[in-house]
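*Asks:* no sequence for this one, just the structure:
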């Protein structure tokens, strides 16, 4: 099961990603926010088709009323995915967040 430290390590390995607090929780930003710890063990990420993820595995992927009008955000229960899946989710979220490349 991936942890917050795994999320941090993977996010900060992406070019130009920074970490700062958002709504009192750790969050990672490229051109916009790509991930945030929603609560202990639950991560929010951007996703092109959250309905498909939720239909495939509603115990892992979901959203709350707070994200009803934000169709690119899905919540993920970290204890239901492995580190490879986490990496794929964060990479996709990074691309949707407007990849930021560090200055040359």
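*Replies:* Perfect, I can see it now. Just so you know, these numbers come straight off a predicted model, no measurement behind them. Numbers count the residues shown, from 1 in each chain.
*Asks:* What distance do you get for the closest residue in space to residue 61 that isn't next to it in sequence to residue 5?
*Replies:* Closest residue in space to residue 61, ignoring its immediate chain neighbours: residue 53 at 3.9 Å, by Cβ to Cβ, 6 or more residues apart in numbering. From N, CA and C alone the C-beta is placed, and that goes for glycine too. Between residue 53 and residue 5 the distance is 24 Å, computed by Cβ to Cβ, to the nearest Å.
*Asks:* what are the ranges of the helices in the protein?
*Replies:* With helices called from DSSP state H, the chain shows them at 4-12, 50-56, 83-96.
*Asks:* Run the chain-centre distance for the second one.
*Replies:* Put plainly, it is helix 50-56. The chain centre lies 15 Å from the centre of helix 50-56; the measure is Cα atoms, centre = their mean, to the nearest Å.
*Asks:* tally of neighbours for residue 29?
*Replies:* Residue 29 has 19 neighbours, counted by other Cβ atoms under 10 Å.
*Asks:* and what of residue 73?
*Replies:* Residue 73 has 22 neighbouring residues, counting by other Cβ under 10 Å.
*Asks:* Please verify my assumption that it contacts residue 63.
*Replies:* Yes - judged on Cβ atoms under 8 Å, residue 73 makes contact with residue 63 at a distance of 6.5 Å.
*Asks:* Quick check: neighbours shared by these two?
*Replies:* By the contact definition Cβ atoms under 8 Å, 6 or more residues apart in numbering, residue 73 and residue 63 are jointly contacted by residue 50.
*Asks:* Strands along the protein, start to end?
*Replies:* Ranges of strands within the chain are 18-22, 25-29, 33-39, 42-46, 61-62, 73-77, based on DSSP state E.
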